[in-house]
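>>> coordinates for the following, if possible.
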Amino acid sequence: MVTTDRTDATSAKYTEAELAAVGRRASIAAAAGTAVEYYDFAVYGYLTVVLAPLFFPGESSAAGLLSTLAVFGSGFLARPVGGLVFGRLGDRVGRRRVLLITVVMMGVATVLTGLLPTYAALGVAAPILLAVLRVLQGFSAGGEIGGAAALVAESAPRKRRGLFGSATSIGIAVGMSSAAVVVGLVSLFAGSAMTTWAWRIPFLVAFPLLVLCLVYRMRIEDSPIFKELVAENEPPKAPVTEVVRRHPKAVFQVIGIAFGQMVAGGLGSVYLVVHFAQLDYALSGTTWLIAVIAIMPVALMPWSGSLSDRLGRRRVLAFGFAGFAVLAVPCFWLMQQGNLALALVAGLVLNVPYGVVQGVAYTIFAELFPTRVRYSGISLGFNLAGVIGAAPYQLIATWLVATTGSTLSPAFYMIFASVVTLLTLWTVPETAGDNLRASAP
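A predicted model of the protein is given here:
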């Protein structure tokens, strides 16, 4: 945690209005970049059921699905490596430069996935190349969240940091819902062609999105706090080593919070495409359902972030994860009633706590580390949580359903993840209002 010294030298160089303007530009840039990154990353998840027979045709439907999900998970395994590389660069040369690199790398990997020959044309090389591109996506994604969260938190006015910090989460939700909309539209109009060539379209849409994001990100400046740091001090030579040696507790706290965030949030959003396939809902219907479910929390995120500026980060986060634990079983029970309207209601209700959690999480991640190692600290903790949480959660949920024969079983995994985070929050200090320029003890 950074200290609570209220002296903020930034105000000597920027008026309150100028700080707010810098914060707004940083928030928009973060939202745009994370939207593109998570569109690219989510498209694969939404098309898992379609990709399975195209790249793993020799296996049973269940085995092919699990193989495709394993490739999906490989992207998360690459995230910590990307987080280490880009975190170090971001703490040494600046947040803005690194965020330009990550979004380009993700966009290129996604477009190449859309151009990839299937198993029928390329044989065993096709799934291998699919996995390589997924790893490249994960490598770039590993550097996105840490940079976006640091840039926004360092650029925002101190008393409104939660509100501005929610922009990162809004970008994620917009990206994931946009991916669902595109997949839904293509499924609707392409029909049977979805399993031959039309599946490529959602991947190729990433190119114009990449161009638009680059145009905006190139116009922003680095955060005032980071610029002051490098003007007054030498950037850390080994920020990752410094994080591990001096701030291990903060790393584990990020892991604990992000684990619940990824597992509970993922089970209530991206995983539902696979879950609804297991419940025999049509793909075209479920992708539209996911689009609605993914976009709904956007309305809650700025409210949640702003509320945390007044009530504190810990209290709002605890409320959100308690909501997951209470709602998991009833919502998954509603989903298995064979009625798409009920499934929509269940998904929307389950995403109320998700919106609350997302509006606060990335801000508190940034506040747990000092400026000189903030990018590295967030990236390390968040991406390690991705390995143990986001990478296997779809495999674990699918395995639970197959093993127990109960489509209600993923709800108990959601409860477990929520309890892990609630226990973690007991160890986390309150950070709302902390001065991010100060050094951690």
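>>> do a quick rundown of the helices in the stretch 101-250 of the chain.
Per DSSP state H, counting those that start in this stretch, the stretch 101-250 of the chain carries helices over the ranges 119-122, 125-141, 144-155, 161-190, 200-204, 206-217, 224-232, 239-246, 248-267.
>>> deepest-packed of the ones you listed, please.
The highest mean neighbour count among the helices of the stretch 101-250 of the chain, using mean count of other C-beta atoms under 10 Å, belongs to helix 144-155: a mean of 31. Bear in mind the C-beta positions are built from the backbone N, C-alpha and C, glycine included.
>>> before we move on, back to that, can you redo the helices of the stretch 101-250 of the chain as JSON lines with distance to Gln336?
Below are the helices of the stretch 101-250 of the chain laid out as JSON lines (distance: least, C-beta to C-beta, whole Å):
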{"stretch": "helix 119-122", "distance to Gln336": "33"}
{"stretch": "helix 125-141", "distance to Gln336": "30"}
{"stretch": "helix 144-155", "distance to Gln336": "33"}
{"stretch": "helix 161-190", "distance to Gln336": "21"}
{"stretch": "helix 200-204", "distance to Gln336": "28"}
{"stretch": "helix 206-217", "distance to Gln336": "34"}
{"stretch": "helix 224-232", "distance to Gln336": "49"}
{"stretch": "helix 239-246", "distance to Gln336": "43"}
{"stretch": "helix 248-267", "distance to Gln336": "14"}
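>>> what about the helix or strand where Ala411 lies, average pLDDT?
Assigned by DSSP states H and E, Ala411 falls within helix 409-425. Per-residue pLDDT over helix 409-425 has a mean of 97.
>>> list the contacts of stretch 317-330.
Contact with stretch 317-330 is made by 257, 260, 264, 268, 304, 308, 346, 349-350, 352-354, 356-357, 360-361, 364, 408, 411-412, 414-415, 417-419, 421-422, 425, as judged by C-beta atoms under 8 Å, 6 or more residues apart in numbering.
>>> list the buried residues of it.
With burial defined by 16 or more other C-beta atoms under 10 Å, the residues of stretch 317-330 counted as buried are Leu317, Ala318, Phe319, Gly320, Phe321, Ala322, Gly323, Phe324, Ala325, Leu327, Ala328.
>>> would you mind measuring from the fourth one to Arg314?
The reference is to Gly320. 11 Å (C-beta to C-beta, to the nearest Å).
>>> re earlier: as JSON lines, the helices of the stretch 101-250 of the chain with mean pLDDT would be great.
Converted to JSON lines, these look like this (pLDDT from 0 to 100):
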{"stretch": "helix 119-122", "mean pLDDT": "90"}
{"stretch": "helix 125-141", "mean pLDDT": "90"}
{"stretch": "helix 144-155", "mean pLDDT": "93"}
{"stretch": "helix 161-190", "mean pLDDT": "90"}
{"stretch": "helix 200-204", "mean pLDDT": "95"}
{"stretch": "helix 206-217", "mean pLDDT": "89"}
{"stretch": "helix 224-232", "mean pLDDT": "88"}
{"stretch": "helix 239-246", "mean pLDDT": "94"}
{"stretch": "helix 248-267", "mean pLDDT": "96"}
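>>> among the ones you listed, which is nearest Val93?
With C-beta to C-beta as the measure, helix 224-232 is the member of the helices of the stretch 101-250 of the chain nearest Val93 (8.9 Å).
>>> I appreciate the help and will end here.
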